[in-house]
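**Student:** only the shape, not the letters, is given here:
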């Protein structure tokens, strides 16, 4: 038997991804929640998938809701921070919005499990997840502020400010339908988002900037 990092022996050696028991629990829960549903997944089943006792799982998470909350936070914390940083900068809005879209889509596509589908859970409507709903709405607002600034600079349609956020979240459905994201997905969505706002500038410049800022390899060549 191994150790789960909490002082209790494992039932068996874990085969889950993760550097410690907490990450292994999150990985198992992510698979079970996205494939089998949240309501039908018990903490015992999560513990069994990790290879630990149910009591050991409670050492890391007091309830199943706490596990879901941690998974949801993992989908939104990084793009929310990136959006705040970009809003504080003074460079052209289209370039900043491009970087946010590329970073956010890359984040949604990078995980092993399509955690964005959890946004549709009816359980998220209860007060327990009010903070997550508030943070997601804050991310949407930051997108809208950058988009509105880009529209003003590009002379685009004033009513299009919410489209970039919606286009980014469409990646969740793409993953659900195709079970993966194409390698150039982030760049394609970013280019499409800016076109809806009236941007007609050089996408190559934006791609270079976003790749450097995010530490990513450039995607496909621009279609312009």
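**Tutor:** Alright, I've got the coordinates. From a predicted model like this one, the values you see are computed outputs, not experimental measurements.

**Student:** low-confidence ranges in this structure?
**Tutor:** 1-15, 17-18, 218-224 (pLDDT under 70).

**Student:** apply 90 and report the result again.
**Tutor:** Low-confidence segments of the chain, defined by pLDDT under 90, are located at 1-21, 111, 175-183, 216-224.

**Student:** could you chop the protein up by domain?
**Tutor:** In the domain annotation for the chain, the residue ranges read 21-62, 65-214 (automatic domain parsing).

**Student:** now the end-to-end length of the longest one.
**Tutor:** What it means is domain 65-214. 32 Å (C-alpha to C-alpha, to the nearest Å).

**Student:** how far does that domain sit from its chain's centre?
**Tutor:** Counting by C-alpha atoms, centre = their mean, to the nearest Å, domain 65-214 is centred 8 Å from the centre of its parent chain.

**Student:** so what's the residue count around residue 82?
**Tutor:** Residue 82 sits with 21 neighbouring residues when counted by other C-beta atoms under 10 Å. C-beta: built from backbone N, CA, C; applies to glycine.

**Student:** quick one: it and residue 102 touch, right?
**Tutor:** No: here residue 82 does not reach residue 102: they are 9.9 Å apart, not a contact under C-beta atoms under 8 Å.

**Student:** which secondary structure elements does the helix or strand harbouring residue 75 contact?
**Tutor:** Assignment of secondary structure by DSSP states H and E places residue 75 within helix 64-87. For helix 64-87, the contact count by 3 or more C-beta pairs under 8 Å, 6 or more residues apart in numbering; DSSP states H and E identifies helix 21-36, helix 43-50, helix 93-110, helix 130-154 as packing neighbours.

**Student:** report the angle between the helix or strand following the last one and helix 130-154.
**Tutor:** Going back to what we said before, that points to helix 130-154. Reading on from helix 130-154 to the C-terminus, the next helix or strand found by DSSP H and E is helix 163-178. The directions of helix 163-178 and helix 130-154 differ by 120 degrees, with axes from the mean of the first three to the mean of the last three C-alpha atoms, to 10 degrees as the criterion.

**Student:** beyond helix 163-178, next helix or strand please.
**Tutor:** Remark: after helix 163-178, the chain's next helix or strand is helix 185-196, criterion DSSP H and E.

**Student:** buried ones in that following helix?
**Tutor:** For helix 185-196, a neighbour-count test (16 or more other C-beta atoms under 10 Å) marks 185-191, 193-196 as buried.

**Student:** pick the one among those closest to residue 41.
**Tutor:** Of all the buried residues of helix 185-196, the one with the least separation from residue 41 (C-beta to C-beta) is residue 185, at 28.1 Å.

**Student:** gap between that closest one and residue 46?
**Tutor:** Applying C-beta to C-beta, to the nearest Å, one obtains 30 Å for the distance of residue 185 from residue 46.

**Student:** check residue 140 too.
**Tutor:** Remark: distance between residue 140 and residue 46 (C-beta to C-beta) = 30 Å.

**Student:** looking at the two, which one has more neighbours?
**Tutor:** For residue 140 and residue 46, the more surrounded residue by other C-beta under 10 Å is residue 46, and the numbers stand at 25 against 17.

**Student:** so who does that one touch?
**Tutor:** With contacts defined as C-beta atoms under 8 Å, 6 or more residues apart in numbering, residue 46 is in contact with 25, 28-29, 32, 57, 64, 67.

**Student:** buried subset of those residues?
**Tutor:** Those of those that meet the buried threshold are 25, 28-29, 32, 57, 64, 67, by 16+ other C-beta under 10 Å.
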